[in-house]
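Engineer: Sequence and predicted structure, then a few things I'm wondering about:
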Amino acid sequence: MPDRTESESRKLLGRLSAVMAATSVGQTRLDRIVQLIASSMGCEVCSIYLFRDAETLELCATVGLKAEAVHQTRMRLGEGLVGRTARDRVVTNTANAPAERGFRYMPETGEERFSSFCGVPVQRLGEVLGVLVVQSRAARIYTPDEVYALEVVAMVLAEMTELGAFNGGEGGLSPRHQRPITFRGLSGQEGAVAGRVYLHEPRVVVTNPISEDPDKELARLNASIEALRAQVDEMLAGAGTVDSEEVGVLEAYRMFANSRSWLRRMEEDIRSGLSAEAAVEKEQSHARARMGQASDAYLRDRLHDLDDLSNRLLRILTGQGRDTGAAMPDSPVLVARNIGPGELLEYGKGALRAIVLEEGSVGSHAAIVARAWAIPLVIRAEGITTEALNGDLILVDGEQGIAHLRPDDIVRKAFEDKIAMLARAQERYADLRELPAQSLCGTVIGLHMNAGLMADLPSLPSSGAEGVGLFRTELQFLVRNQMPKRAELSALYARVMDAAKGKRVVFRTLDIGSDKVLSYMKPQDEPNPAMGWRAIRLGLDKPGVLRMQLQALIRAAAGRCLTVMFPFIANPGEFRLARAEFNKALERERILGHPLPDKVEVGAMLETPSLAFASYAFFREVDFLSVGGNDLKQFFFAADRENERVRRRYDMLESSFLELLSGIVGRCASAGTPLSFCGEDAGRPVEAVALAAMGFRMLSMRPASIGPVKSLLRRVNLQEARKVIDDARIRGDESVRPALTEWLARQP
Ligand code: PEP
Ligand code: MG
């Protein structure tokens, strides 16, 4: 940008700065600003449109258009050239506005006289707050310098809007971040909680978007960039193994931190009158807008890296660290774009009431930890980190995947009723804690819990579980930055067994691969990781880790019963090899003279349809089998368990799936092999009744599910339930769910 334009732009920003400093109401400021821009740029019209609500833009100030149109002219997002500019977050620059696609004539404004139109989105951190428009009679395209100057001004307008500079005055805007908003995401973990927002990364507040001393700002920017580079180098030096995924990300960070073009753009913004912080935000907004449009996953990831780096730079510049000193409110609900399991665990069990994420997935590690803590989790709550402020009231409905931010009284009341209803149900379940899950026909079902972290163990007595039916050992590996040592693991497993106080704990060996990726292991580039090199396949091909883990388990169990289960066994051969590894590990320990477990049980997870059809010899060979319904269902129906679109299409209660289960139950019964079910469906009361009726005598589930499942099992006659299921299957019903739920509804 030539010097002459730069100094003009600085002059304009200097005047805007004076408007901001003056004590006047919002409308007066807006009116003054459009006058300043129009006279400085020599155009006949300058208008500012701001969002009145999430979908409606309103003409808030103008020079050149009819004054009566102010606060009257409104358009929806995407409507007309203004709406299009806001929706697409790109500049609209045309010499012949009426000929443009989507043009909409607004007669009350008198704009028909103006041929050229340039609209620039007013956006802050990727959130569009409005549109700044200039128009002229002459048919002309605005020059790149003019557009750039408008973008700089739009950046300042965005900061002023955020700071509330335009609130108040007749027809003026109401303050931002005060309206009730409902975010509809997805359920990561059930539960209903009312709490106060606690932002994981507090938003950076820029109070000085304009600067009159570019040299000082350039020096600040450069010093901060230096500090940023040093931070990234330090992180790289501290990162684990070469070519791990983490190193890849950090390399990308380093590339951006050293990028000349990124720095040059920010320097240009500063020379035009922006402060260093505003310059960083301006470029960050651009990157976010591009991120929303990029269809290429690699490009999106890189833009994401740049976004992250910009946040770091802003924190260095403003001195606002991760911890802004904001006090943790009572009943804190953590709100974040995303969070890793390690960071989440740092908050500690019991510290948070719920979690709401803008990104994340059901199978993410954060979801696993939230489940272990039994707190509601909502994922994909788009836009929540830009809307929520620390301390805002928030109602989290984990079951529906909904978060109500700053709810109105009606929503609040309805939610209180829901919480009270759930609490009453919990009290009823607590009364059942010491009672067996015995059905009316006298069948007793063993209810066990799924776990994976030490933090889960206190739930063992409180939930009424009879033991741990599935201990997912990979969680310990996932929450670390490096491979745990054998001695550490052994100590941990011993603590788990101590905490279980003699109750059975089924340790599943490492199930990594698929969606469970260890940051310190070389990532595999597989086209279909769920069906790829995972779980026991990886364990048998690279037996070092499996052997280390088996040794740790054997040492931990000295003098007690050790129950080990191998995941994802697809044929008997895999089980035999895995068991041979276990026997070798036992033998090695014996030779070394270490105390051995006094009893061992070695079983397999049945998670692939192939294993259901394995030979009878196999069913006799295993000490026990546990159906991993999550994976078994995904492979049976060929429906990815992580893909929300297909996941819900198929039901465990479909007759075809029950046919498969019935075969498994039959084979186990004739081989005399104990059988359990440990997928998520075991924790759903109706499904649990079906499983028990089909012959499963042991179910393993989240601790919070034990109460509801026990409560229903104690109220039904499983022989009658079996008859209902069999009749539906004989009739040819595609699913037994309608018949079963209808029958359940008739039970007293
Ligand atoms: C399953 O697949 O059902 C299971 C219990 O294992 P995970 O959910 O850990 O894959
Ligand atoms: Mg599984």
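Structural biologist: Nice, thanks for sending it over. Residues are numbered from 1 along each chain as shown. Ligands and ions are numbered 1, 2, ... in the order given.
Engineer: so is the residue most central in space within the chain in a helix, a strand, or just coil?
Structural biologist: The centroid of the chain falls nearest to residue 360 when counting by Cα atoms, centre = their mean (2.0 Å). Assigned by DSSP: H, G, I helix; E, B strand; the rest coil, the conformation of residue 360 is coil.
Engineer: Please read off the pLDDT at it from the model.
Structural biologist: With respect to pLDDT, residue 360 has a value of 77.
Engineer: and if you look at residue 192?
Structural biologist: Residue 192 is given a pLDDT of 92.
Engineer: again with residue 250
Structural biologist: At residue 250, pLDDT is 70.
Engineer: ok, how many other residues are close to it?
Structural biologist: Using other Cβ atoms under 10 Å, residue 250 has 20 neighbouring residues. Every residue, glycine included, has its C-beta placed from N, CA and C.
Engineer: show me what contacts the residue nearest to the centre of the chain?
Structural biologist: Residues in contact with residue 360 (Cβ atoms under 8 Å, 6 or more residues apart in numbering) are 188, 338, 339, 366, 367, 377, 379, 380.
Engineer: Wasn't the second one part of a helix?
Structural biologist: Translated: residue 338. No. Going by three-state DSSP, the assignment for residue 338 is coil, not a helix.
Engineer: Would you agree it is in contact with residue 355?
Structural biologist: No. Judged on Cβ atoms under 8 Å, residue 338 makes no contact with residue 355 at a distance of 10.6 Å.
Engineer: Which of the two has more residues huddled nearby?
Structural biologist: Each of residue 338 and residue 355 has its neighbours counted (other Cβ under 10 Å); residue 355 has more, 30 against 16.
Engineer: tell me the secondary structure for the more buried one?
Structural biologist: strand.
Engineer: go on, residue 346?
Structural biologist: helix.
Engineer: Compute the number of surrounding residues for it.
Structural biologist: Neighbours of residue 346 (other Cβ under 10 Å): 10.
Engineer: What of residue 55?
Structural biologist: Counted with other Cβ under 10 Å, residue 55 comes out at 12.
Engineer: mind showing which ranges of the stretch 101-250 of the chain have poor pLDDT?
Structural biologist: Residues of the stretch 101-250 of the chain meeting the criterion pLDDT under 70: 168-175, 238-249.
Engineer: all helices for it, in order.
Structural biologist: 144-162, 214-238, 245-257 (DSSP state H, counting those that start in this stretch).
Engineer: Could you name every residue contacting both of residue 338 and residue 355?
Structural biologist: Contacts common to residue 338 and residue 355, judged by Cβ under 8 Å, 6+ apart, are residue 366.
Engineer: buried set for stretch 487-504?
Structural biologist: 489, 490, 492, 493, 494, 496, 497, 499, 500, 504 (16 or more other Cβ atoms under 10 Å).
Engineer: do the same with stretch 94-110
Structural biologist: Neighbour-count burial for stretch 94-110 [16+ other Cβ under 10 Å]: 94, 95, 97, 106, 109.
Engineer: what's the closest of those to ligand 1?
Structural biologist: residue 94 (54.3 Å; Cβ to the nearest ligand atom).
Engineer: Distance check, the closest one against residue 523.
Structural biologist: Using Cβ to Cβ, to the nearest Å, we find residue 94 at a distance of 46 Å from residue 523.
Engineer: Work out for me the element residue 744 sits within.
Structural biologist: Following DSSP states H and E, one finds residue 744 within helix 737-745.
Engineer: in the stretch 601-748 of the chain, which spans are strands?
Structural biologist: 625-627, 675-677, 698-701 (DSSP state E, counting those that start in this stretch).
Engineer: Give the next helix or strand downstream of the helix or strand of the chain with the lowest mean pLDDT.
Structural biologist: Lowest on mean pLDDT, DSSP states H and E among the helices and strands of the chain sits helix 245-257, with a mean of 71. Using DSSP H and E, the helix or strand that follows helix 245-257 in sequence is helix 260-271.
Engineer: Spell out which parts of the chain neighbour ligand 1.
Structural biologist: 470, 472, 511, 607, 628, 629, 630, 631, 678, 679 (Cβ under 6 Å from any ligand atom).
Engineer: of those residues, buried ones?
Structural biologist: Buried among the residues of the chain next to ligand 1 by 16+ other Cβ under 10 Å: 470, 472, 511, 607, 628, 629, 631, 678, 679.
Engineer: Out of these, which comes closest to residue 394?
Structural biologist: When these are ranked by distance to residue 394 (Cβ to Cβ), residue 472 comes first, at 29.8 Å.
Engineer: can you count the residues close to residue 746?
Structural biologist: Other residues close to residue 746 by other Cβ under 10 Å number 6.
Engineer: ok, now how distant is it from ligand 1?
Structural biologist: 31 Å (Cβ to the nearest ligand atom, to the nearest Å).
Engineer: measure that residue to ligand 2 for me?
Structural biologist: Distance, residue 746 to ligand 2, using Cβ to the ion, to the nearest Å: 35 Å.
Engineer: Show me which pair in the contacts of residue 360 is furthest apart.
Structural biologist: Most distant of the contacts of residue 360, by Cβ to Cβ, are 339 and 380, 13.8 Å apart.
Engineer: if we can go back for a sec, which of the residues of the chain next to ligand 1 fall within helices?
Structural biologist: 629, 630, 631 (DSSP state H).
Engineer: How about the contacts made by the first one?
Structural biologist: Okay, so that is residue 629. So residue 629 contacts 652, 677, 678, 679, 680, 681, 682 (Cβ under 8 Å, 6+ apart).
Engineer: so which of those residues comes closest to residue 596?
Structural biologist: residue 678 (26.8 Å).
Engineer: so that closest one touches residue 450, yeah?
Structural biologist: Yes. With contact defined as Cβ under 8 Å, residue 678 reaches residue 450; the gap is 6.2 Å.
Engineer: Now for these two: what residues contact both?
Structural biologist: By Cβ under 8 Å, 6+ apart, the residues touching both residue 678 and residue 450 are 469, 470, 700, 701.
Engineer: Cross-check the contact I'm expecting between the first one and residue 626.
Structural biologist: Yes. With contacts defined as Cβ under 8 Å, residue 469 counts as touching residue 626 at a distance of 7.0 Å.
Engineer: Next, show the common contact partners of those two.
Structural biologist: 506, 676, 678, 700.
Engineer: If we ignore the residues flanking it in sequence, what's nearest the second one?
Structural biologist: In other words, residue 676. Using Cβ to Cβ, 6 or more residues apart in numbering and skipping residues adjacent in sequence, the residue nearest residue 676 is residue 698, 3.8 Å away.
Engineer: That neighbour: what's it in contact with?
Structural biologist: 445, 446, 448, 469, 674, 675, 676, 677.
Engineer: make it 10 Å
Structural biologist: Listed by Cβ atoms under 10 Å, 6 or more residues apart in numbering, the contact partners of residue 698 are 445-448, 466-467, 469, 504, 506, 624, 626, 674-678, 682, 691-692.
Engineer: what's the spacing between it and ligand 2?
Structural biologist: 17 Å.
Engineer: swap in residue 319?
Structural biologist: Taken as Cβ to the ion, the span from residue 319 to ligand 2 is 47 Å.
Engineer: measure that residue to residue 220 for me?
Structural biologist: Counting by Cβ to Cβ - residue 319 and residue 220 are separated by 11 Å.
Engineer: of the two, who's got more company?
Structural biologist: residue 220 (18 against 7).
Engineer: Please give me every residue in contact with the more buried one.
Structural biologist: Residue 220 touches 211, 213, 270, 275, 276, 277, 316, 317, counting by Cβ under 10 Å, 6+ apart.
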